[in-house]
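> Build me a model from this:
(2 chains)
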Amino acid sequence: MADQTLDAKGLNCPLPILKAKKALTAMPAGATLEILATDPGAVKDFAAFSRTTGHELVEQSVDGNVYRFVLKRKA
Amino acid sequence: MTDSSGTKSMSIIVTKGSLDWAYPPFILSTTAAAMGLNVTLFFTFYGLSLLLKDLDLKMTPLGNPAMKMPMMGGHMGMPNFASMIPGVDAGATVMMQNMMKKKGVASIPELRALALESEVRMIACQMTMDLFEYTLDDMIPGIELGGAATYIEVATQSEINLFI
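The predicted structure follows:
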């Protein structure tokens, strides 16, 4: 279970990324944020966001049209 | 500039102020800021209208053969003469706004507020402010004035420099 969940379903680029960043900023290092999104572009974008920022993408899955990502806030 | 903390920078020259062209600078600047970059936007000519307190963004299909809206299961463009008919541009603007709302695309006021919140630096071109007779009172708080040299200094220190 992630420490916090962000429901970004129905939101389009770049809102899922912007809201995830906002949520991560308010979290302690090492905490995990689960993001649920329906934007198919989010798959590539969260991978790029993770590589660039250093917040690790620890889990990724898809259930129907809902994409799920878990990011771990970097230290 | 990659500073001592390893932070990279991006600058964008923003020259267009219609509803459609307002998106690229605000989407890229908010995303870059979220990815840890220092971002500067330099607003000049029609881009200045994106800094006005009262945003009144419009768009026109005039002279834009690539603008084809999803309609009746297909995509429809509009001949140039249609823009001469009163209400057509306003209709196209409302149609675009509705489409964006339906698809979960952020509004420009929302993105602009997010950009300010994430400390995107916004510089209004002094020369075009004078040219179009705008004052700082017309603009949202938190912006600064600058000229070409101000922009060039920022650009020499940025890894990414875009013109939109």
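> Those residues of chain B touching chain A, which are they?
Contacts of chain B with chain A, taken as CB under 8 Å from any CB of the partner chain, map to B:I27, B:T30, B:T31, B:A34, B:M35, B:G36, B:K103, B:G104, B:V105, B:A106, B:L114. (Glycine included, C-beta is placed from N, CA and C.)
> how about a cut-off of 10 Å?
Contact residues, chain B versus chain A (CB under 10 Å from any CB of the partner chain): B:8, B:26-37, B:100, B:102-106, B:110-111, B:114-115, B:117-118.
> B:I140: neighbouring residues, count only.
18 (other CB atoms under 10 Å in any protein chain shown).
> which ones are touching it?
The contact partners of B:I140, by CB atoms under 10 Å, 6 or more residues apart in numbering or on different chains, come to B:L50, B:L51, B:L52, B:K53, B:D54, B:L55, B:P109, B:R112, B:A113, B:L116, B:M122, B:A124.
> let's see 7 Å
B:I140 makes contact with B:L51, B:K53 under the criterion CB atoms under 7 Å, 6 or more residues apart in numbering or on different chains.
> Against B:M72, how distant is it?
Per CB to CB, to the nearest Å, B:I140 is found 39 Å from B:M72.
> Share the number of residues neighbouring the residue in chain B that chain A sits nearest to, please.
Residue nearest to chain A within chain B (CB to the nearest CB): B:A34, separated by 3.7 Å. A count of nearby residues for B:A34, using other CB under 10 Å, gives 23.
> Any idea how many residues pack against the closest residue to it other than its chain neighbours?
Leaving aside its sequence neighbours, B:A34 sits nearest to A:K21 (CB to CB, 6 or more residues apart in numbering or on different chains; 3.7 Å). Applying other CB under 10 Å, we find 23 residues neighbouring A:K21.
> Next one: the residue nearest to B:A22 when sequence neighbours are not counted from A:K21, what distance?
Leaving aside its sequence neighbours, B:A22 sits nearest to B:I108 (CB to CB, 6+ apart; 4.8 Å). Distance of B:I108 to A:K21, given as CB to CB: 19 Å.
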